[in-house]
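Q: Next come a sequence and a model predicted from it.
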Amino acid sequence: QVQLQESGPGLVKPSQTLSLTCTVSGGSITTSYYFWSWIRQPPGKGLEWMGAIGYEGSVYYSPFPKSRTSISRDTSKNQFSLQLSSVTPEDTAVYYCARDPMGTGGMDFWGKGTLVTVSS
């Protein structure tokens, strides 16, 4: 059973960088042909796919907020990470990491999510 767990600060100040890590257990992030995504849900709004990193290390981003988003991985720790720079209160959301078999957009395993609030 694959399990994903998000970790990181729950409060970030405006203009700073939001950094989250997803630790994966029960499966390797380098296993073909899985993609590992970051998704967020602002309060009262729907899910927003932010981007993904593939089993081979390729990174894919949503058009928005692409310029502020960076996704990376540490294969030695079986983790992948999200950085979102220059945050504003509009970036307040529950952030999820999830696994996407074959990169089709259909996630089969999700983390529980972590609320990140952007506030001074």
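A: Cool, the structure landed. Numbers count the residues shown, from 1 in each chain.

Q: contacts and neighbour counts: CA atoms only from here.
A: Fine.

Q: Can you list the low-confidence ranges for this protein?
A: Judged against pLDDT under 70, the chain has no low-scoring part.

Q: what ranges do the strands span in it?
A: 3-7, 11-12, 18-25, 34-41, 48-54, 59-61, 69-74, 79-84, 93-101, 109-110, 114-118 (DSSP state E).

Q: partner strands of the second one, parallel or antiparallel?
A: Based on DSSP bridges, the strands next to strand 11-12 in the sheet, each with its direction, are strand 114-118 (parallel).

Q: Turn the strands of the chain into TSV, columns for mean neighbour count.
A: Supplementary listing: the strands of the chain in TSV, determined by neighbours: other CA atoms under 10 Å:
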stretch	mean neighbour count
strand 3-7	19
strand 11-12	18
strand 18-25	21
strand 34-41	23
strand 48-54	23
strand 59-61	17
strand 69-74	19
strand 79-84	21
strand 93-101	23
strand 109-110	18
strand 114-118	21
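
Q: in the protein, which residue is closest to the centre?
A: Centroid check for the chain by CA atoms, centre = their mean gives W38 as the closest residue, at 2.6 Å.

Q: which non-adjacent residue is nearest E56?
A: Once flanking residues are discounted, E56 sits nearest to T30: 6.3 Å by CA to CA, 6 or more residues apart in numbering.

Q: and the residue lying closest to P89 once chain neighbours are set aside, how far is that from P63?
A: Once flanking residues are discounted, P89 sits nearest to V118: 4.8 Å by CA to CA, 6+ apart. According to CA to CA, to the nearest Å, V118 and P63 sit 21 Å apart.

Q: cool, and G106?
A: On the measure of CA to CA, G106 and P63 end up 19 Å apart.

Q: can you check S81 too?
A: With CA to CA as the criterion, S81 and P63 are 18 Å apart.

Q: cool, L4 as well?
A: Distance of L4 to P63, given as CA to CA: 25 Å.

Q: mind checking how far T69 is from Y61?
A: Counting by CA to CA, the gap from T69 to Y61 is 8 Å.

Q: anything in contact with each of the two?
A: M50 (CA atoms under 8 Å, 6 or more residues apart in numbering).

Q: hang on, the earlier thing: tell me if I'm right that the residue nearest to P89 and T17 touch.
A: No: at 10.0 Å, V118 does not count as touching T17 under the criterion of CA atoms under 8 Å.
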